[in-house]
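A.B. asks: just coords:
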């Protein structure tokens, strides 16, 4: 049995760091484990231009302090009015690593998102020419479609035509949750990849209703049937370079989760690597963890692999009931449970 595992320092390709006090509270968890992270732009107001991205990056670095070597990779929030020339210029200047497409009203702070992807022709053509990755929250928002079917319907209605019309556009389908998405990404004749969260490897939809309504198991996309969880799990541990780590860590204060209309999002940053490693350990795939956590994403984005390493050891640790306090009190993923692994080295 392997009791210590050392891997190249990993990256997180999908992170919500929020802003203000919450940013200061949660950013150190991500920076402790990861060399780089794709920072989601769904603030209020959203990060829609290079100036806003620079300012947000500065706030992140200020929250982490001068000693950090963490690199936030900024993204542009696409709207119906996004300017392709501004996006390309921001990418050329090293401000934008990618652009994020939220279908309007798909998730937290997505009201300004895209209402009709067919109207984005100029932006998508410019991104294709410039080699800028498109990151997609892959769900339709038609209220007549069952919430558990919205990812599969998105593939049929939106993603297949998108790949046909933009064959050179690099696409990341974020936080996949279904067997349909796992198979589509694995088999597509297109430069497409997918991020996978720890919660969608561990939870099926029963977790949301286990003995009552469980708001801290609620995220978007929602967890699906057990067959889908197992399919996504197989994709994660398969060794395919099309699948890589993206936590979608999304903190909300306790009161915003435990309310009459609780917010969607799971805060998994404090023990992200240990939680993913639990899955790879259970699946007998420890030898594939480094690729998933530290290599596949960087190669897809065309970025160099990180220097340095992290070590995890098989030592039990209990996840606390909450982190932070007051305006930053959050319930972490796996709260109260015992994890078999812990991060042994700080970087």
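C.D. replies: That came in fine, so what should we check first? All values derive from a computational prediction rather than experimental measurement.

A.B. asks: give me the low-pLDDT residue ranges for this structure?
C.D. replies: Low-confidence segments of the chain, defined by pLDDT under 70, span residues 105-111, 345-347.

A.B. asks: Please, where are all the helices along it?
C.D. replies: Assigned by DSSP state H, the chain shows helices spanning 20-33, 50-64, 84-92, 121-130, 150-154, 160-165, 179-187, 199-202, 226-237, 254-257, 272-282, 289-290, 296-301.

A.B. asks: got the contact list for the third one?
C.D. replies: If you take Cβ atoms under 8 Å, 6 or more residues apart in numbering as the criterion, helix 84-92 is touched by 49-50, 53, 76, 96-97, 99, 122-123, 125-127, 129-130, 132. In this view, the C-beta of every residue, glycine as well, is placed from N, C-alpha and C.

A.B. asks: swap in the second one?
C.D. replies: Contacts made with helix 50-64 from outside it, assessed by Cβ under 8 Å, 6+ apart, are listed as 17, 19, 23-24, 27-28, 31, 39, 41, 43, 45-47, 68, 70, 72, 74-76, 86, 89-90, 93, 95-96.

A.B. asks: What separation is there between residue 234 and residue 196?
C.D. replies: 11 Å (Cβ to Cβ, to the nearest Å).

A.B. asks: higher neighbour count, these two?
C.D. replies: residue 196 (30 against 16; other Cβ atoms under 10 Å).

A.B. asks: can I assume the more buried one is in contact with residue 232?
C.D. replies: Yes. Between residue 196 and residue 232 there is a contact at 6.0 Å, judged by Cβ atoms under 8 Å.

A.B. asks: what sits in contact with each of the two?
C.D. replies: Counting by Cβ under 8 Å, 6+ apart, the residues touching both residue 196 and residue 232 are residue 176.

A.B. asks: roughly how far apart are residue 217 and residue 24?
C.D. replies: Per Cβ to Cβ, residue 217 is found 26 Å from residue 24.

A.B. asks: Between those two, which has more neighbouring residues?
C.D. replies: Higher neighbour count among residue 217 and residue 24: residue 217, with 21 against 18, using other Cβ under 10 Å.

A.B. asks: Looks like that one contacts residue 204 (just checking).
C.D. replies: No. Between residue 217 and residue 204 there is no contact under Cβ under 8 Å: 9.9 Å.

A.B. asks: Output the helices of the chain in CSV; the columns should cover distance to residue 212.
C.D. replies: Shown next, in CSV, are the helices of the chain (distance: least, Cβ to Cβ, whole Å):
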stretch, distance to residue 212
helix 20-33, 27
helix 50-64, 36
helix 84-92, 45
helix 121-130, 44
helix 150-154, 25
helix 160-165, 39
helix 179-187, 28
helix 199-202, 19
helix 226-237, 20
helix 254-257, 14
helix 272-282, 23
helix 289-290, 34
helix 296-301, 37
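
A.B. asks: Okay, and the beta partners of the residue lying closest to residue 48 once chain neighbours are set aside?
C.D. replies: The shortest distance from residue 48 to any non-neighbouring residue, by Cβ to Cβ, 6 or more residues apart in numbering, is to residue 77 (5.1 Å). In this entry, residue 77 is beta-bridged to residue 100, by DSSP bridges.
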